[in-house]
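Student: this one's sequence-less:
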Ligand SMILES: [Mg+2]
Ligand SMILES: [Zn+2]
């Protein structure tokens, strides 16, 4: 992948239900568990020079279920396990701390987290992907002009069913069984694009 302007392709990764088991409002690192293939998938992006950025809605903060320090402990654990399990690393973690009723500009599918990430990293938004298990992740992809990959881990199976039922629903560009699958597809797409 040659980058004349030194901008890297980017994958925006949902966290809960995509990288790790979603036990809802995760406020403690105890019991935090990565899905099989998650570390391998992130490592594959690392090796290909594709930025891997987590973008995650953490309304547990806005709801008062846990603190910023709690969230940091969980995110630190995520980075630790990625490293241990697959020598994989994230290029950034961006989160929305707000309550859904706050009508902020960063809660997915709003684009604020992506804007933060792109202002801080040399990323090529023309080669951007989103992987997530909810409709809001796929809508985020559409909102930023990226390709959206629905992953069937976490809430993904339910989301797939809901999207099929719903008239005029957003269509994922790809449906992946897991992170390994999703990243393999992305790297193939990037070969086509570059
Ligand atoms: Mg999720
Ligand atoms: Zn927000």
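Tutor: Good, I have the coordinates. Note that the structure is predicted; figures quoted are calculated from it, not measured. Ligands and ions are numbered 1, 2, ... in the order given.
Student: what's the helix or strand for residue 184?
Tutor: According to DSSP states H and E, residue 184 maps onto helix 179-193.
Student: hang on, residue 50 packs against residue 13?
Tutor: No - in this structure, residue 50 is not within contact of residue 13 by CB atoms under 8 Å, at 11.0 Å. All C-beta spots, glycine's among them, are computed from the backbone N, C-alpha and C.
Student: these two: who's more crowded?
Tutor: When neighbours are counted by other CB atoms under 10 Å, residue 50 and residue 13 differ, and residue 13 comes out ahead with 28 against 24.
Student: may I have the beta-bridge partners of the more buried one?
Tutor: Residue 13 has the following beta-bridge partners by DSSP bridges: residue 54, residue 131.
Student: report pLDDT for it.
Tutor: Per-residue pLDDT puts residue 13 at 98.
Student: got a list of what it touches?
Tutor: Contact partners of residue 13, counting by CB atoms under 8 Å, 6 or more residues apart in numbering, are 19, 42, 52-55, 90, 130-132.
Student: recalculate using a threshold of 10 Å.
Tutor: Residues near residue 13 by CB atoms under 10 Å, 6 or more residues apart in numbering: 19, 38, 41-42, 45, 52-56, 90, 93, 129-132, 137, 149, 151, 179, 182-183.
Student: now the common contact residues for residue 50 and residue 13.
Tutor: Residues touching both residue 50 and residue 13 (CB under 10 Å, 6+ apart) are 42, 129, 183.
Student: which residues of this protein lie near ligand 1?
Tutor: Contact residues (CB under 5 Å from the ion) of the chain with ligand 1: 14, 16-17, 133.
Student: out of those, which is most surrounded?
Tutor: Result: residue 14 is most packed of the residues of the chain next to ligand 1 (other CB under 10 Å), 26 neighbours.
Student: nearest spatial neighbour of that residue, chain-adjacent residues omitted?
Tutor: Nearest residue to residue 14 in three dimensions, chain neighbours excluded: residue 132, at 3.4 Å (CB to CB, 6 or more residues apart in numbering).
Student: so how far is the helix holding residue 184 from its chain's centroid?
Tutor: Counting by CA atoms, centre = their mean, to the nearest Å, helix 179-193 is centred 15 Å from the centre of its parent chain.
Student: contacts for the longest helix seen in the chain, please.
Tutor: Counting residues, the longest helix in the chain under DSSP state H turns out to be helix 68-86. Residues from elsewhere that reach helix 68-86, judged by CB under 10 Å, 6+ apart: 15-16, 19-20, 26-34, 36-44, 46, 52, 54, 56, 58, 60-61, 66-67, 88-90, 93, 95, 97.
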